[in-house]
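> give me the fold of what follows.
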Amino acid sequence: MKSARRENARWPATGAWAVMLGLAVAGCWFAGRTGEPPDHAGDVAADRVTAGRVCRSALPRGMELSCGTYGFGDLRYVCADRRHDGARCRRTSQVTVRNPGRATVYVSYLAGRRPGVREEGPRQVVGPGDETTLRPGAGRLLFDITLRGGDAGPSRLEVVRVR
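Numbering: from 1, shown residues only. Predicted coordinates:
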């Protein structure tokens, strides 16, 4: 026969686990939003690459992270103002990034003449505090910038300039 005390003792433990899970989910959601531009209602360009955007990776050595997907936003076009109708945008010709972390990182870009055609650019080493400029070349769309860290822990990459 089950004891009433034992049955009632399960509810506080279950509730505590539910609260901890909820806090963990909320913490992950807020951490993922760090470095993103403010969310403006009706702002079509909110997910465009701009100076100040940050890409963070805690992946193990040898694994690459897509900064276009996780931090920088759409890399293909640069727009004259944040609220645009599409007419004020031009192809991204170059993106300058800085390594604000303490570990050396490796970056490269993916570009192509049209959607579906992707070529990887040269891999570049970016030391702590250093900057590098990634140029996809004339007539090519910049689709992504990849970040790969070394052995020294988490990696970060920050956009300095976009043209």
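> pLDDT-wise, which helix or strand of the chain ranks last?
When the helices and strands of the chain are compared on mean pLDDT, DSSP states H and E, helix 4-32 comes out lowest with a mean of 50.
> show the subsequent helix or strand relative to it.
Using DSSP states H and E, the helix or strand that directly follows helix 4-32 along the chain is strand 54-57.
> tell me the strands beside that next one, with direction?
Strand 54-57 pairs in its sheet with strand 155-162 (antiparallel), by DSSP bridges.
> quick one: mean pLDDT for the partner strand?
Averaging pLDDT along strand 155-162 gives 96.
> pull out the buried positions in it.
Neighbour-count burial for strand 155-162 flags S155, R156, L157, E158, V159, V162 (criterion: 16 or more other C-beta atoms under 10 Å). C-betas here are computed from N, CA, C, even on glycine.
> what does that strand contact?
Residues from elsewhere that reach strand 155-162, judged by C-beta atoms under 8 Å, 6 or more residues apart in numbering: 49-58, 65, 67, 71-72, 78, 92, 94-101, 103, 105, 107, 126, 131, 145, 147-149.
> tell me where this structure is predicted with low confidence.
Flagging of the chain using pLDDT under 70 yields the residue ranges 1-46, 81-87.
> same thing but 80
Across the chain, the ranges flagged by pLDDT under 80 are 1-46, 80-88, 151-153.
> list the contacts of the residue nearest to A103 when sequence neighbours are not counted.
Nearest residue to A103, sequence neighbours excluded (C-beta to C-beta, 6 or more residues apart in numbering): A152, at 3.4 Å. Residues counted as contacts of A152 (C-beta under 8 Å, 6+ apart) are R102, A103, T104.
> return the closest of those with respect to R113.
Ranked by distance to R113 (C-beta to C-beta), the contacts of A152 are led by T104 at 31.8 Å.
> correct me, but that closest one touches T132?
No: using C-beta atoms under 8 Å, T104 is not in contact with T132; the gap is 11.8 Å.
> what sits in contact with each of those two?
What both T104 and T132 touch, as defined by C-beta under 8 Å, 6+ apart, is the set V126.
> on that earlier part again, the residue nearest to A103 - that's part of a helix, no?
No: assignment of A152 by DSSP: H, G, I helix; E, B strand; the rest coil gives coil, placing it outside any helix.
> before we move on, the earlier item: please pick the buried ones from the contacts of strand 155-162.
For the contacts of strand 155-162, a neighbour count by 16+ other C-beta under 10 Å gives the buried set as 49-50, 53-57, 65, 67, 71-72, 78, 92, 95-99, 101, 105, 107, 126, 145, 147-149.
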